[in-house]
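Q: using only what follows, build the 3D model:
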Amino acid sequence: MQPDAIDLATAPTPRPALARAEIDGDTVLYSDSTGRTHHLTDATSAVWRCLDSHITLRELAEDITAVSGWDRAAVEADVVEVVRRLGRAGLLDDVAPETGWIGRARGRVARGRPDPAVPRLIAVPPSECARRTQMSWAMTRTVRVGSYLLGVRSATSELDGLVARALAAHLVDDVRAPPNYSLRLAASDGIAHHRMFRACETPVRTRSLRRLLDALCGFLASHAAEQDSAAVHLDALVLVHDGRVMLLPPELRPLRTGEEELRRYGVRILDSQTAPLDPASGQLVIRPPMLTMDDAALAEAAAVAPEPEPAEAAPVAEPGHYPVRVWADVATTGASHDTDTPSRAALVATANRRVRNRPAIDPQTALSTLAQVASGAVPVWLAAGTETGAMLEQLLKALDRPI
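A: Down below sits the predicted model:
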């Protein structure tokens, strides 16, 4: 059946095997066959919940009219249009979705589950800044992390030697990996901070070389988490204050480079490309890095670049379980936002599109975990372009607001 053929005599059937979560009256659906997430707001969600393959749309409209007292003809037209939209989105059985859905579904299924025994290279994203390629680099080392082969590029031969000794147990000599991570010393560029690059991002900016290497270790280890089915790994920025987590969208990752300001506000970060969420508790789980560095080599870091005086404690969260108490999204300039805070269902729908460890994680587990996290968190809008200090103050105030 084509979506436009749906009429009042139709008794629609929801497509089976959809992951589903209900949050504050809205419904979030996920189809693993298409890789699409759908956010149904309250009215559409109410219609969706009534579809059972037995009730016709005429009967559904009659029930709504009897309860609401609304105009019968208007209700019938609205119900039919809502259900046609659900059909176009591929959410109804025996209804052909819009052109393009089947092609996307085939591409997703063909990918399959990764084999941990087969090494895979992670290509540098196409957004890698041209400026990086214009910088001088000494060498790129290939590091094996789980089933991934990752490249670590150093700006000087001295730094490359230190990296090679620190990661000696994980190096692969017969494969040339692309430069997934790049390290530069402050002295190389005549600036105050050492830096770690990942494509166009600068995840770490610090005055301590030991801190730079520890962060590299954490980020490298986090790639193996993409094969982890015991947690939901979300592409997000994690901030921790007083044992509580503030979950931020990935576009706010530049916040983590202001380590001095983070220390001033007592905020800690997670050295990882993902936020690991525990399905059982709905908490953020920080585990010790799966990748270790040679301690003797790390002790040589001060000979390559002296540590700052006085020593600066790294603003990094310790391993443990942390409740998520604030979940923020960016209110973009010029966009229409109908409420003072984002809806929890909208946060869950957006986050479900950013789950990194598919297909290892069960789709229903992922969606239910995100809904559980949202139910215990304060939703917050953050204005785009806000200064770091003002943004941190807003987040810290939200931590003490009732859920």
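Q: contact partners of stretch 366-373?
A: Outside stretch 366-373, the residues that touch it by CB atoms under 8 Å, 6 or more residues apart in numbering are 19-23, 28, 30, 232, 234, 247, 277-279, 282, 324, 327, 344, 348, 351-352, 355, 358. Every C-beta, even on glycine, is put in place using the N, C-alpha and C of the backbone.
Q: next one: stretch 158-178
A: Identification of contacts with stretch 158-178 by CB under 8 Å, 6+ apart yields 119, 121-124, 138-145, 149-152, 154, 183, 185, 213, 216, 291-294, 296-298, 300-301, 304.
Q: just the buried ones from those, in ChimeraX syntax?
A: Burial among the contacts of stretch 158-178 is assessed by 16 or more other CB atoms under 10 Å; the matching ChimeraX selection reads:
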select :119,124,138,139,140,141,142,143,144,145,149,150,151,152,154,183,185,213,216,291,293,297,298,301,304
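Q: just the ones of the contacts of stretch 158-178 in helices?
A: Residues of the contacts of stretch 158-178 located in helices (DSSP state H): 213, 216, 296, 297, 298, 301, 304.
Q: so the second one makes contact with residue 153?
A: No: taking CB atoms under 8 Å as the definition, residue 216 is not a contact partner of residue 153, at 11.1 Å.
Q: how many residues are close by the nearest residue to residue 293 once chain neighbours are set aside?
A: Using CB to CB, 6 or more residues apart in numbering and skipping residues adjacent in sequence, the residue nearest residue 293 is residue 166, 4.3 Å away. When neighbours are defined as other CB atoms under 10 Å, residue 166 has 23 of them.
Q: okay, residue 166: pLDDT?
A: Listed pLDDT for residue 166 reads 95.
Q: what's the spacing between it and residue 18?
A: Residue 166 sits 46 Å away from residue 18 when distances are taken as CB to CB, to the nearest Å.
Q: what's the answer for residue 155, then?
A: Noted for residue 155: a distance of 49 Å to residue 18, by CB to CB.
Q: kindly report the same for residue 363.
A: In terms of CB to CB, residue 363 sits 8 Å off from residue 18.
Q: so the two - more neighbours on which side?
A: Each of residue 363 and residue 18 has its neighbours counted (other CB under 10 Å); residue 363 has more, 21 against 17.
Q: find the nearest non-adjacent residue to the more buried one, please.
A: Using CB to CB, 6+ apart, the nearest residue to residue 363 is residue 19, at 4.0 Å.
Q: so that neighbour: helix, strand or coil?
A: For residue 19, the assignment made with DSSP: H, G, I helix; E, B strand; the rest coil gives strand.
Q: beta-bridge partners for it, please?
A: Counting by DSSP bridges, residue 19 forms beta bridges with residue 30.
Q: how near is it to residue 311?
A: Distance, residue 19 to residue 311, by CB to CB: 48 Å.
Q: over to residue 120?
A: Distance from residue 120 to residue 311, by CB to CB: 39 Å.
Q: residues near residue 42, how many?
A: Residues within reach of residue 42, counting by other CB under 10 Å, total 12.
Q: so who does it touch?
A: Remark: with contacts taken as CB under 8 Å, 6+ apart, residue 42 is in contact with 25, 26.
Q: repeat the analysis, applying 10 Å as the threshold.
A: Contacts here follow CB atoms under 10 Å, 6 or more residues apart in numbering; on that basis residue 42 touches 24, 25, 26, 27, 343, 345.
Q: just flag the most distant two among those residues.
A: The distance between the two most remote of these (CB to CB) is 11.8 Å, for 27 and 343.
Q: can you list residues touching both of those two?
A: The overlap between the contact sets of residue 27 and residue 343 (CB under 10 Å, 6+ apart) consists of 39, 41, 42, 349.
Q: in stretch 161-170, what counts as buried?
A: 161, 162, 163, 164, 166, 167, 170.
Q: next one: stretch 56-67
A: Buried residues in stretch 56-67, counting neighbours by 16+ other CB under 10 Å, are found at 57, 60, 61, 62, 64, 65.
Q: in this protein, where is pLDDT below threshold?
A: Regions of the chain meeting the criterion pLDDT under 70 cover residues 99-118, 123-131, 228, 332-339.
Q: tell me where it has helices.
A: So, for the chain - with DSSP H - the helices run 42-50, 57-68, 72-88, 101-111, 130-134, 157-166, 186-189, 209-222, 259-264, 295-298, 301-304, 344-352, 363-375, 388-399.
Q: next, the buried residues of the first one.
A: For helix 42-50, the buried set under the neighbour-count rule, 16+ other CB under 10 Å, comprises 44, 45, 46, 47, 48.
Q: same question for the last one.
A: Within helix 388-399, the residues that qualify as buried by neighbour count (16+ other CB under 10 Å) are 391, 392, 394, 395, 396, 398.
Q: give the contact list for the last one.
A: Just to be clear, that refers to residue 398. Taking CB under 10 Å, 6+ apart, we find residue 398 in contact with 246, 325, 326, 327, 328, 341, 377, 378, 379, 380, 382.
Q: tell me the domain ranges of the protein?
A: 3-111, 120-399 (automatic domain parsing).
Q: so which of those domains is the most surrounded?
A: The highest mean neighbour count among those, using mean count of other CB atoms under 10 Å, belongs to domain 120-399: a mean of 18.
Q: how distant is it from the center of its chain?
A: Centroid separation for domain 120-399 versus its chain: 11 Å, with CA atoms, centre = their mean, to the nearest Å.
Q: pull up the distance across it, start to finish.
A: 40 Å (CA to CA, to the nearest Å).
Q: wait, residue 347 sits on residue 327?
A: Yes: at 5.4 Å, residue 347 and residue 327 qualify as touching, with contact defined as CB atoms under 10 Å.
Q: overlap in contacts, those two.
A: Taking CB under 10 Å, 6+ apart as the criterion, residue 347 and residue 327 both touch 247, 249, 341, 370, 373, 374, 377, 379, 380.
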